[in-house]
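Asker: Whatever this is, show me its structure:
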Amino acid sequence: MHNDKLFRDSPSAPPGHQPNLSLPNQLMQNHIHELAKSLPVPQPAPRKQNTACDACRSRKVKCNRIPGQEKRQHCLAKNYPCTHYVQQATSEKKRLAVNRRRNLSSANPSGPYPSPLKQISPSVEPTSPTSFLPSASHNIQPLVVRYGLHPGITLNTPTRDVLGFVFAPPENSNEPPAYTSPTHLKSPYEPWGDLAHKLDDDNFKAEFALDLVEVFFQIVHTRLPLLNPAQFRTRLQLYQHSGSGSGSTDKPLHPALVATVLAWGSKFSEHPILVADRRRPGGQSFLAKALIDRARDLAEALKVHRMASAEHVVIGLLIEPLQNQNPEDPTGYHGFWLTCATRHLLDLGINHKSVMANIQDPESRGTMIFAWWMACISDAYASAYYRRKPVLDDNDYDIDFYTVDPVNPELVDTHATMPSPREQLEFLGYYRAAHSLAHAARHMSKHLWRPSTDADGVPFEDLCSSVQELFSWRDDFLTLVGVPSNFEGEWDFVSAVSSCASDATYHVMWIILFSALDDFGIKELNGGIPPNITEIESVKRKVADEALHGALRIAGLAGVLTSNGYLRLDPAVMHVSCIQAGTLLARLGRPEVQNCIAGLEQYSYSYEEAGEQALEMGRLFRAARAGQTELNHMASATLRATTSPPRNGNQDEDQVMKNGTSPQHNTHRPYINHTPPHDVSTP
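Answerer: As a prediction, the model looks like this:
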């Protein structure tokens, strides 16, 4: 994987790129999206809201607005004057006067650093397009979580106004700013670092947002190509340009989608504001964490989890891996957004071939077919990782989701190098391999994570079935999509991380199977001494041997990626593999665990919980070295596996597995070329 062609000093990069890294340019980002496409979704009608004027509300009667009419329905029928807009302006004026008299600590309109969130009175329903009036005078409200119960941002809010919510000062800055001197006020942005006060300027907010968007497309989009980069940039109107006319293309981007993209960018951006914010113990950015929380809050406020639509599917799939990956964190990963996106896909009928045949728009079809692919495989893998039943079953879909439409030449630069048929087949090969492994993971989860298995142990027949499926996948796919032992050929960032992820995802399945056997035991052994005891013990030793080999393999790959800074830019694709492999190696007292610890420490710059997981891994390793074994049912089988010589006689691969380095290892920064990626996502 390391060679002179791959690792050399990187050329200078344009603004928005990571320092010393040449990441995919805009043409390549568009091309990745095109390669990922193949199916669609119909846009559902907006949810209807009943909005009565104040006069009708006082009469306790329904009063709905008729499209094209300024008056409400009841006012027209009774020939009453409709007071909706008049009363709204009057109520707003009264509320401004009352709040100025109260001078409460929850709002300070006269301060130099007001919260830019613009809300209207709870007495007026804000979900209709006409109720959010950014040009009117506002009572500047503090940024609070209860915003989600009564949003002042709708689907028609301009993106520039959405930034006011996303980049509002930290929550604890809602109180009046403290004086640092008789003439200078303390900035409410101070908790986010020395340079965060620049976010008080609207133009700077727009520039900062553009930087985060570019980082998203350079790093995250290559792994999760759910958006059309060119279309997103066209609709991202951050500066006040009056007019280009009306039309569907002028509709603002979904506020929750914008917030999610910005939150992703803040994880990996090296913008001076974020660099300054990371100058604290642990190196995490409080600003980046706040953007994640606000993206999630905004998605909840706009009912992303409730209403099935194409945009909500994409938002849900992008939010899930963005969060804290510790299931024990109440604000972190719980599979909620992945499950919501999966349910939306089912509601939209994306799992039916008949629905695919009726969708004409290739862009919508492409986005939704890739979204289904991602949700289907992520659901299977997550069920194995987090010990839960998968949401989807094998019978829940009849589509060949890994089929991809031909690349649309109108959306790709004609002077750019197009992928050859071989490259496209190789690209499709990753999908086919991922789906096959997801099928095996789904079956394994159904056998392992059920109450009867927890109580009685894993039935030997189910164990043999899982072992056979994993061996079949290895024979069919590992040499095609895994990391080759000779490390020949040129590797770009996407190819390197994708192949390592495919390789690691297979090997981590053995570790998961081993852990289940160690926790639950085998049903036949738990019930006594079965007649086929020799056969059962042989399978136990085989699982232990494969699990150890897989953990060493993952540790080696993690060492290679860590030494070249790749995990600093990885959206949690290798995260679970590092945790599972490192935990097993730590429990066995193997020194190779240091590679996984180093990888998690590098992950901690983007995922805060990874630092704590690295510390726990070190504690387990020291305990194992002190003789405190934590193995249960697999203790006897593991003893043999840990003392066995390496199975592979290849000296180069053995060096990688043990030390995380290849024979050509060097410590130069990686040079990442712009060749088409072989794989774009392995959730």
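Asker: How about the contacts made by residue 155?
Answerer: With contact set as C-beta atoms under 8 Å, 6 or more residues apart in numbering, residue 155 has these partners: 46, 252, 254-255, 302. Every residue, glycine included, has its C-beta placed from N, CA and C.
Asker: Closest to residue 482 out of these?
Answerer: residue 254 (37.4 Å; C-beta to C-beta).
Asker: Skip the chain neighbours and tell me the closest residue to the closest one.
Answerer: Among residues not flanking residue 254 along the chain, residue 311 sits closest, at 4.9 Å (C-beta to C-beta, 6 or more residues apart in numbering).
Asker: from the contacts of residue 155, which would you call buried?
Answerer: 252, 254-255, 302 (16 or more other C-beta atoms under 10 Å).
Asker: In helices, which of the contacts of residue 155 fall?
Answerer: Residues of the contacts of residue 155 located in helices (DSSP state H): residue 255.
Asker: count of residues packed around residue 284?
Answerer: 17 (other C-beta atoms under 10 Å).
Asker: can you check residue 314 too?
Answerer: The tally of other residues near residue 314 (other C-beta under 10 Å) stands at 26.
Asker: give me phi/psi at it?
Answerer: The main-chain torsion angles of residue 314 are listed as degrees, to the nearest 10 and equal phi -60, psi -40.
Asker: Contacts only, for it.
Answerer: By C-beta under 8 Å, 6+ apart, the contact list for residue 314 reads 226-227, 257, 341, 367, 371.
Asker: Looking at those residues, which are in helices?
Answerer: Among the contacts of residue 314, the residues falling in helices (DSSP H) are 257, 341, 367, 371.
Asker: any idea how far residue 239 is from the first one?
Answerer: Between residue 257 and residue 239 the computed distance is 19 Å (C-beta to C-beta, to the nearest Å).
Asker: Specify which residue of these two has the higher count of neighbours.
Answerer: residue 257 (26 against 12).
Asker: so the more buried one touches residue 310, yeah?
Answerer: No - using C-beta atoms under 8 Å, residue 257 is not in contact with residue 310; the gap is 10.9 Å.
Asker: how near is residue 378 to residue 445?
Answerer: Residue 378 sits 13 Å away from residue 445 when distances are taken as C-beta to C-beta.
Asker: go on, residue 483?
Answerer: Following C-beta to C-beta, the distance that separates residue 483 from residue 445 is 26 Å.
Asker: Give me the phi and psi for residue 458.
Answerer: Here the main-chain torsion angles of residue 458 (degrees, to the nearest 10) amount to phi -80, psi 120.
Asker: ok, it touching residue 518?
Answerer: No - when contacts are counted by C-beta under 8 Å, residue 458 is not listed as touching residue 518 (10.4 Å).
Asker: Give me the phi and psi for residue 628.
Answerer: The phi/psi pair for residue 628 (degrees, to the nearest 10) reads phi -90, psi 80.
Asker: Relative to residue 305, how far out is it?
Answerer: As defined by C-beta to C-beta, residue 628 lies at a distance of 44 Å from residue 305.
Asker: ditto for residue 384
Answerer: Plainly put, residue 384 is 24 Å away from residue 305 if you go by C-beta to C-beta.
Asker: Between the two, point out the one with more neighbours.
Answerer: Under the criterion of other C-beta under 10 Å, the comparison of residue 384 against residue 305 puts residue 384 first, with 27 against 19.
Asker: thought the more buried one was touching residue 445?
Answerer: Yes - Residue 384 lies in contact with residue 445 (C-beta under 8 Å); the separation is 5.2 Å.
Asker: helices or strands next to the helix or strand hosting residue 452 in the packing?
Answerer: Counting by DSSP states H and E, the element that carries residue 452 is helix 451-456. Packing contacts for helix 451-456, counted by 3 or more C-beta pairs under 8 Å, 6 or more residues apart in numbering; DSSP states H and E, involve helix 493-520, helix 523-526.
Asker: weakest of these in terms of mean pLDDT?
Answerer: If these are sorted by mean pLDDT, helix 493-520 sits at the bottom with a mean of 90.
Asker: buried ones in it?
Answerer: By neighbour count with 16+ other C-beta under 10 Å, helix 493-520 contains the buried residues 493-520.
Asker: Check stretch 338-352 too.
Answerer: Buried positions in stretch 338-352, judged by neighbour count with 16+ other C-beta under 10 Å: 338-346, 348-351.
Asker: what's the answer for stretch 625-633, then?
Answerer: 631, 633.
Asker: Would you work out how far apart the start and end of it are?
Answerer: Length of stretch 625-633, first residue to last, C-alpha to C-alpha, to the nearest Å: 20 Å.
Asker: Not counting that stretch itself, show me its contacts.
Answerer: Applying C-beta under 8 Å, 6+ apart, the set of residues contacting stretch 625-633 from outside is 517-522, 525, 587, 589, 620, 623-624, 635, 638.
Asker: Check the average confidence over it, would you?
Answerer: Per-residue pLDDT values over stretch 625-633 give a mean of 87.
Asker: any idea which element residue 290 lies in?
Answerer: With secondary structure defined by DSSP H and E, residue 290 is part of helix 286-301.
Asker: Return the set of buried residues in that helix.
Answerer: Of the residues in helix 286-301, 287-292, 294-301 count as buried by neighbour count, 16+ other C-beta under 10 Å.
Asker: Among those residues, which one sits closest to residue 572?
Answerer: Top of the list for closeness to residue 572, among these and by C-beta to C-beta, is residue 292 at 12.6 Å.
Asker: Can you give me the distance of the closest one to residue 357?
Answerer: When distances are taken as C-beta to C-beta, residue 292 and residue 357 turn out to be 39 Å apart.
Asker: for residue 455, same thing?
Answerer: From residue 455 over to residue 357 the distance is 46 Å, taken as C-beta to C-beta.
Asker: got it, and residue 627?
Answerer: In this structure, residue 627 and residue 357 are 64 Å apart, going by C-beta to C-beta.
Asker: for residue 538, same thing?
Answerer: In this structure, residue 538 lies at 50 Å from residue 357, with C-beta to C-beta as the measure.
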